[in-house]
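Undergrad: Let's see this in three dimensions:
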Amino acid sequence: MSFGDVFPHGVYATGPAEPLENFDTKRQETDKDTGLPVWVVDVYDADPEAGHKASAIRVKIAASVCPVLPEPAFGPFRPIEFDGLTVTPWVEVTGRMPNGEPRTRVAYSFRATGVRAAGIGGGKARPAAAGKDAA
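TA: Residues are numbered from 1 along each chain as shown. This next block holds a predicted model:
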């Protein structure tokens, strides 16, 4: 999907990319298709109509090295864009109704192949594997 179609108002990362830790093993997750380590970038959707809960998003990136994000532009906020963005819906059970039936909602899993500073690179995100040595 196009980054602009998913996030027409952009996103702001609030910190560096970090390893995605498996809850059970306490080890870094690996991508089931590529075997590469999975990194996660926490972002906020800048859409003014997104609810507070809906605006906090985790985007996963499979890459051999940790993706390097741009320096913060203001406060802790780093305007970034993702390349190779995929969005997968899934049903999340959030609890139980009084009658015992599950309470569910549609949730989304976000994955990308690259990340870059917003507005840099002529519409092409830097591949995540480029790491710190990317120009």
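Undergrad: Might you report the residue contacts of residue 56?
TA: 42, 43, 44 (C-beta atoms under 8 Å, 6 or more residues apart in numbering). Any C-beta I mention is one placed from the backbone N, CA and C, and that applies to glycine too.
Undergrad: can you pull the pLDDT of it?
TA: We note a pLDDT of 88 for residue 56 in this prediction.
Undergrad: So what sits opposite it in the bridge?
TA: For residue 56, the beta-bridge partners under DSSP bridges are residue 44.
Undergrad: where in the chain is pLDDT low?
TA: 52-54, 120-135 (pLDDT under 70).
Undergrad: What are the boundaries of the strands in it?
TA: Secondary structure of the chain (DSSP state E): strands located at 11-13, 18-19, 38-45, 56-62, 78-83, 86-96, 102-112, 114-117.
Undergrad: Using TSV, please lay out these together with distance to residue 1.
TA: What follows is the strands of the chain, written out as TSV (distance: least, C-beta to C-beta, whole Å):
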stretch	distance to residue 1
strand 11-13	14
strand 18-19	24
strand 38-45	14
strand 56-62	12
strand 78-83	10
strand 86-96	6
strand 102-112	10
strand 114-117	14
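Undergrad: which one of those lies closest to residue 70?
TA: strand 114-117 (3.9 Å; C-beta to C-beta).
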